[in-house]
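S.K.: Pasting the sequence and the predicted coordinates here, then a few questions.
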Amino acid sequence: MLNFHLGEKDFFIAGDYNPQIYKAENPFNEITTLDIDIDDMIQIKNTNLLAYIESNNFGIIDLTNIEEEKKPKKNLIISFDKNEKYFKLIQSKEEIICLGGNILRFINKKNYENKSLILNKEFYSLDTCNAICLLYNEQLLAWNSYGFLYKIDIGKKEILQKYDFGPKADYYFYQCLAYKDKYLIFSEEEKLYEIQYNEKEEIKNYIEEKPKKTLEDFMKEQDNIVKKIIEEKNIKDEIGTCKPPYTFYYMYRYNSMKKEFPLINERNIFRLCLKEYNYLKPENQKFFENLSINDN
């Protein structure tokens, strides 16, 4: 639920799929329903505009005359890469910042130009960020469940520091808050972590490690992967009956991935296989779709 203000009036939006707008005063009359499915939404400061994330789309709607017209004006839709899914929004002085796991998008509030910063370029990494917050000095803190904190310079779009918080976590962190000289980080396991912040101990010469395998590397190899599958005899006899097209791909890749990533559990092997499948060329995805259709 999001509370927002239009002049001296208060309203709120409830729900994420086709959310409804209500007056924020008794008897809380419903005004309208929005035809969007939101992952996160914020009101842009000092405006009647709401910014929202809907999967890989960033949108802005104008609610200036929502009581009279019942429908908002859609000012903007920006579509990012289809394999990027965003789920967190915050705003700095000049920009709206979208978090999408391994990537941050910075959208200028005035002209809506956007820039990106990739936090981890390793294609097979499961190390993704789940929470972000602003620091007092207009820096950004990004936190992920594998025990790392990223400190980011918003203006320069650079990583200032990557800090290893400790042992790897088995659960996700969804919220973080900065206050005074501390970070507060909340997990889904109902745990609260408090981290002392000392600017003097910052590592300000962060150098990103060169990834072992990038998306570009995978794209060069994917045709060979599909070619091997096509050449397999009796592939369905080995795999069995399955409906989702990516399951064929997963069953074929599982054993080879276990050798490539022996320390990763089966659930995460499946996540890596699904990531590969999502980045296959359309014609190669079509091949697996046809396998699925023919099997049913």
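M.R.: Yes, it's here.
S.K.: Please work out how many residues are found near the closest residue to residue 99 other than its chain neighbours.
M.R.: Distances taken as CB to CB, 6 or more residues apart in numbering put residue 88 closest to residue 99, at 3.9 Å, once the chain neighbours are dropped. No exception for glycine: its C-beta is placed from N, CA and C like everyone else's. The burial count assigned to residue 88 is 22, neighbours taken as other CB atoms under 10 Å.
S.K.: For residue 88, report the pLDDT, please.
M.R.: Residue-level confidence at residue 88 comes out at 89, pLDDT.
S.K.: Equivalent analysis for residue 186, please.
M.R.: Looking at residue 186, its pLDDT reads 66.
S.K.: swap in residue 247?
M.R.: The model reports residue 247 with a pLDDT of 72.
S.K.: just the one 3 residues further on next, same as before
M.R.: Looking at residue 250, its pLDDT is 77.
S.K.: Kindly report the same for the one 3 residues further on.
M.R.: Here the pLDDT value assigned to residue 253 is 79.
S.K.: cool, and the one 3 residues further on?
M.R.: According to the prediction, residue 256 has pLDDT 81.
S.K.: follow-up on the earlier one: any idea how far the residue nearest to residue 99 is from residue 103?
M.R.: 12 Å (CB to CB, to the nearest Å).
S.K.: what's the weakest-modelled helix or strand in this structure?
M.R.: Least confident element among the helices and strands of the chain, by mean pLDDT, DSSP states H and E: helix 235-239 (a mean of 51).
S.K.: Show me what secondary structure element comes after that one.
M.R.: Proceeding C-terminally, helix 235-239 gives way to helix 245-260 as the next helix or strand, assigned by DSSP states H and E.
S.K.: Show me what that next one is packed up against.
M.R.: helix 215-231, helix 235-239, helix 266-278, helix 282-295 (3 or more CB pairs under 8 Å, 6 or more residues apart in numbering; DSSP states H and E).
S.K.: which non-adjacent residue is nearest residue 222?
M.R.: residue 280 (5.7 Å).
S.K.: Quick check: that neighbour vs residue 261, distance?
M.R.: The separation that residue 280 has from residue 261, given CB to CB, amounts to 19 Å.
S.K.: Looking only at neighbour counts, state which of these two leads.
M.R.: Each of residue 280 and residue 261 had its neighbours counted (other CB under 10 Å), and the higher figure belongs to residue 280 (20 against 14).
S.K.: Got the phi and psi for that one?
M.R.: Main-chain torsions, residue 280, degrees, to the nearest 10: phi -70, psi 150.
S.K.: pretty sure it contacts residue 221?
M.R.: No - the criterion here is CB atoms under 8 Å, and residue 280 misses it with residue 221 at 11.0 Å.
S.K.: For the residue nearest to residue 222, give me its contacts.
M.R.: Under the criterion of CB atoms under 8 Å, 6 or more residues apart in numbering, the neighbours of residue 280 are 222, 226, 249, 288.
S.K.: which of those residues lies closest to residue 271?
M.R.: The shortest gap between residue 271 and any of the contacts of residue 280 belongs to residue 249, at 12.9 Å (CB to CB).
S.K.: Residue 10 - how many residues pack around it?
M.R.: 13.
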